[in-house]
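> what follows is a predicted protein model with its sequence.
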Amino acid sequence: MVNDLSLIKNKKALAWIKEQIALCTPDKVHVMDGSIEEIRELNELLVKKGTFLRLNPEKRPNCFYTRTNPGDTARVEAATFICSKKQEDAGPTNNWMDPTQMKKKLHALMKGCMKGRTMYVIPFSMGPTGGKISRIGIEITDSGFVAANMRIMTRVGTEVLKVLGTDGEFVPAFHSVISPLEPGQKDIPWPCDLKNRYIVQFPETREIISVGSGYGGNSLLGKKCFALRIATVLSRDEGRSLAEHMLVLGITSPEGKKHYITAAFPSACGKTNLAMMNCSLPGWKVTVVGDDIAWMKLNKDGRLYAINPESGFFGVAPGTSEESNPNALRTCEKDAIFTNVALTTDGDVWWKGLTDQPPANAITWKGKKWTRGVDDPKELCHPNSRFTADISNCPVVDPAYHNAPDGVPVDAIIFGGRRESVVPLVFQSRDWNHGVLLGSSVASERTAAAEGKMGELRFDPFAMLPFCGYNMADYFSHWLSFPSKTDPAKLPKIFHVNWFRKENGKFLWPGYGENSRVLKWIIDRIEGKENSAVETPIGYLPTIESLDLSGLDIPKEDLKKILTVDVDAYLSEVQKIREYHSQFGSHLPSKLSAELDALEARLKQAKN
Ligand SMILES: Nc1nc2c(ncn2[C@@H]2O[C@H](COP(=O)(O)OP(=O)(O)O)[C@@H](O)[C@H]2O)c(=O)[nH]1
Ligand SMILES: C=C(OP(=O)(O)O)C(=O)O
Ligand SMILES: [Mn+2]
């Protein structure tokens, strides 16, 4: 057994790693140092094994293409568990199992699971290595694909081990595809064990064990598992922190004034696009700090500051085009990994929406030859096909991503979902607590990012339904505690948006770069611009006049539809929210029920 454990000086880490080696019996152990040579060799190895295909270096230098097992393409929420000692602490929205029982079950699967494979030990930092808000994890995995992706998505290597020292804290994160190889057995490009997929968080001991799946959302454990599920628990305990499913963007006005905004939308509902959009409004510029996760903390000055704990984008490919998101396209021109998109005959990639027409010939994400005019375009790429790209390659990366390890001050927080009806384009909450009600009642039509029925409307509080590591109602309480921890006037203003109103199957709002008009209105509100809104029962809405619509061709009737509160529809929405909240029983904070009652009273009054 080759083994360079000498790199690991941390006592707890060494003991944990040795334990996993004894349990999983890998052929080799490789501790990642994060060097360029190391990742080059790993990519080559993955090419040799058939997991990666090197894309045409003239078109996409240092880029790789991979296809998952067709059954392993998205997060599996049914197999995602929060294993706290008490079920009550996981709450009614999480799958739960007793931690001891779960470990027994997992250990049975883990026994000998890395036979014939290399165990990669990946020391990683979420947030700038050594940063005050940053945290360290160590992922163990038998998937080279995961190791290569982690190298893009997080800060990996010896620097992290240095910061960890001999006694530092880390989150142990175990991953295996559970596909041991017998001597002489040939490996396959995408090993996984579909019947034994478990993505498990142990909030009390801050551990992660994920087995069976290789898909990024299930296997890149720094992301949803650590930076959200475990970090929500750490943030609650710390008291003045939040770990959120939010993008972080900077927006600069033509006069050069800059604001930072975070936004929480469920998976595949527009975070990556908003985070790096090209503003259609002349002179406005958006820069990206992060596109998926924000760690926020109250600073000594009383304001909330945000960092992006990641160092890459794991973005949804379909819909990404020169029109919709040129900056994402620039970001994945080199050093990127593409999963489950179509392969073109000249060794490049294609996905739905990249160009109006698919190429004449291609190979589908399932590896089948495809001809335009003969085969079904739906076969080309998976709706949850993804690119993994380095944030440093993004042309609009915000300087603060590199220079502000303690974060950027947040002026506004936006919630949103995919709602074809009822919910207006944008509105502002009355205050923080009303904003928490908005967060707690986010609902969205299901997307391909998780296995399940697409299009179905479900509640997804704070866009955190699959990502909250403890009782969701206790998480509401944590949010409600912030005005008592600082001067409430210093907290960000809270907004709700909906880019997805539809009529006759067509979007009423053009979205993408045009969303800059909504951001401009939000800034007007932050700055207290006069006559910028009307008060309605659900909060402050823009008037048609207060939205900058210069140069936008949109029918006035359509605008009216997306800027009007349908009181009856909202009254029935209130009933649904009440029913949804009722599952939390005595955990539901009374402040939140009071906010909902007040909303209902305002709606009823508007009706009379
Ligand atoms: N209609 C419409 N679609 C959008 C908008 N923003 C993003 N999308 C689409 O929604 C899907 C997911 O977007 P993405 O930004 O990757 O979502 P994320 O998973 O939340 O980061 C993609 O297919 C996008 O093209 C928008 O403003 N309007
Ligand atoms: C990585 C994911 O997130 P998102 O769609 O929010 O980018 C995912 O849901 O698997
Ligand atoms: Mn995204």
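Nice, thanks for sending it over. Numbering: from 1, shown residues only. Ligands and ions are numbered 1, 2, ... in the order given.

> so how far is stretch 172-184 off the chain centroid?
How far stretch 172-184 lies from its chain's middle: 26 Å, per C-alpha atoms, centre = their mean, to the nearest Å.

> near Pro70, how many other residues are there?
13 (other C-beta atoms under 10 Å). Every C-beta, even on glycine, is put in place using the N, C-alpha and C of the backbone.

> right, and it touches Lys366 too?
Yes: assessed by C-beta atoms under 8 Å, Pro70 is found in contact with Lys366 at 5.8 Å.

> can you give me the buried ones in stretch 40-47?
42-43, 46 (16 or more other C-beta atoms under 10 Å).

> cool, and stretch 258-272?
The neighbour-count check on stretch 258-272 (16+ other C-beta under 10 Å) flags 259-272 as buried.

> how about the residues of the stretch 301-450 of the chain by ligand 3?
Residues of the stretch 301-450 of the chain lying close to ligand 3 by C-beta under 5 Å from the ion are Gly315.

> so which bits of the stretch 301-450 of the chain are right by ligand 2?
Contact residues (C-beta under 6 Å from any ligand atom) of the stretch 301-450 of the chain with ligand 2: 314, 316, 449.

> quick check: the gap between Arg602 and Gly112.
Separation of Arg602 from Gly112 (C-beta to C-beta, to the nearest Å): 62 Å.

> just the residues of the stretch 301-450 of the chain next to ligand 2: which are in strands?
Among those, the members found in strands (DSSP state E) are 314, 316.

> which ones among the buried residues of stretch 258-272 map onto helices?
If you go by DSSP state H, the buried residues of stretch 258-272 have 271-272 in helices.

> buried set for the longest strand along the chain?
Across the chain, the longest stretch assigned as strand under DSSP E is strand 118-126. Judged by neighbour count (16+ other C-beta under 10 Å), strand 118-126 contains these buried residues: 118-126.

> stretch 84-95 now?
Buried residues in stretch 84-95, counted by 16+ other C-beta under 10 Å: 84, 89-91, 93-94.

> for the residues of the stretch 301-450 of the chain next to ligand 2, which single residue is the most surrounded?
Within these, neighbour counts (other C-beta under 10 Å) peak at Val316, which reaches 25 neighbours.

> contacts only, for it.
Neighbour list for Val316: 268, 272, 384-386, 449 [criterion: C-beta atoms under 8 Å, 6 or more residues apart in numbering].

> and Tyr470, what does it touch?
Neighbour list for Tyr470: 82, 84, 89-91, 203, 232-233, 236 [criterion: C-beta under 8 Å, 6+ apart].

> mind checking which of those residues land in strands?
The strands, defined by DSSP E, take in Ile82 from those.

> near ligand 3, which residues of the chain?
Checking the chain against ligand 3 by C-beta under 5 Å from the ion, the hits are 271-272, 315.

> same thing but 8 Å
Within the chain, the residues that sit near ligand 3 (C-beta under 8 Å from the ion) are 247, 267-268, 271-272, 291-292, 313-316.

> skipping adjacent residues, who's closest to the residue of the stretch 151-300 of the chain found nearest ligand 2 in space?
Here the residue of the stretch 151-300 of the chain nearest ligand 2 is Gly217; by C-beta to the nearest ligand atom that distance is 2.5 Å. Taking C-beta to C-beta, 6 or more residues apart in numbering, and ignoring the residues beside it in sequence, Gly217 has Arg75 as its nearest neighbour in space, at 3.9 Å.

> so what does whichever helix or strand comes after the longest strand of the chain touch, helix or strand wise?
Heading C-terminal from strand 118-126, the first helix or strand you meet, by DSSP states H and E, is strand 135-141. Other elements packing on strand 135-141 under the criterion 3 or more C-beta pairs under 8 Å, 6 or more residues apart in numbering; DSSP states H and E are helix 11-24, strand 118-126, helix 144-153, helix 158-164, strand 171-176.

> how much space between Phe170 and ligand 3?
Plainly put, Phe170 is 26 Å away from ligand 3 if you go by C-beta to the ion, to the nearest Å.

> can you check Pro589 too?
Taken as C-beta to the ion, the span from Pro589 to ligand 3 is 30 Å.

> between the buried residues of stretch 84-95, which sits nearest ligand 1?
Among those, Thr93 lies closest to ligand 1 (C-beta to the nearest ligand atom), at 19.6 Å.

> what residues does this structure put near ligand 2?
Residues of the chain lying near ligand 2 by C-beta under 6 Å from any ligand atom: 75, 216-217, 267-268, 271, 292, 314, 316, 449.

> can you put those residues in a markdown table and add pLDDT?
As requested, these are exported to a markdown table (pLDDT from 0 to 100):
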| residue | pLDDT |
| --- | --- |
| Arg75 | 97 |
| Gly216 | 97 |
| Gly217 | 97 |
| Ser267 | 93 |
| Ala268 | 92 |
| Lys271 | 97 |
| Asp292 | 98 |
| Phe314 | 98 |
| Val316 | 96 |
| Ala449 | 85 |
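
> which one of those is nearest Glu255?
Nearest to Glu255 among these, counting by C-beta to C-beta, is Lys271 at 27.2 Å.

> buried set for the longest helix along the chain?
If you go by DSSP H, the chain has its longest helix at helix 590-607. Neighbour-count burial for helix 590-607, counted by 16+ other C-beta under 10 Å, picks out 592, 595-596, 599-600, 602-603.

> next, format those residues as a markdown table and append distance to ligand 1 and pLDDT.
Converted to a markdown table, the buried residues of helix 590-607 look like this (distance: C-beta to the nearest ligand atom, whole Å; pLDDT from 0 to 100):
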| residue | distance to ligand 1 | pLDDT |
| --- | --- | --- |
| Leu592 | 25 | 98 |
| Glu595 | 26 | 98 |
| Leu596 | 26 | 98 |
| Leu599 | 26 | 98 |
| Glu600 | 30 | 98 |
| Arg602 | 29 | 98 |
| Leu603 | 28 | 98 |
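
> quick check: the farthest pair among these?
The most widely separated members of the buried residues of helix 590-607 are Leu592 and Leu603, with 16.9 Å between them, by C-beta to C-beta.

> number of residues surrounding Gly239?
The number of residues packed near Gly239 is 12, by other C-beta under 10 Å.

> my guess is it contacts Ser484. True?
No: at 10.8 Å, Gly239 and Ser484 do not qualify as touching, with contact defined as C-beta under 8 Å.

> about what we covered before: list just the nearest of the residues of the stretch 301-450 of the chain next to ligand 2 to ligand 1.
Proximity of those to ligand 1 (C-beta to the nearest ligand atom) peaks at Val316, which lies at 3.5 Å.

> for Phe145, see how far away the closest one is.
When distance is defined by C-beta to C-beta, Val316 is 18 Å away from Phe145.

> cool, and Pro542?
45 Å.

> who has more neighbours out of these two?
Legend: neighbour count by other C-beta under 10 Å for Pro542 and Phe145, higher for Phe145 (28 against 24).

> mind listing what the more buried one touches?
Residues in contact with Phe145, defined by C-beta under 8 Å, 6+ apart, are 46, 51-52, 66, 190, 214.

> just the ones in helices from those, please.
Counted as lying in helices by DSSP H, out of the contacts of Phe145, are Leu46.

> quick one: which of the contacts of Phe145 is most hemmed in?
Among the contacts of Phe145, Gly214 has the most neighbours (other C-beta under 10 Å), with 29 neighbours.

> follow-up on the earlier one: farthest pair within the buried residues of stretch 84-95?
Checking these with C-beta to C-beta, the most distant pair is Ser84 and Thr93, at 13.1 Å.

> give me the distance between the residue nearest the centre of the chain and Met126.
By C-alpha atoms, centre = their mean, the chain has its centre lying nearest to Asp292, at 3.8 Å. Separation of Asp292 from Met126 (C-beta to C-beta) stands at 12 Å.

> common neighbours of those two, please.
With C-beta under 8 Å, 6+ apart as the test, Asp292 and Met126 both reach Glu310.

> circling back to that earlier point, show me what the longest strand of the chain is packed up against.
Checked by 3+ C-beta pairs under 8 Å, 6+ apart, strand 118-126 has helix 11-24, strand 28-31, strand 135-141, helix 144-153, strand 155-156, helix 158-164 packed alongside it.
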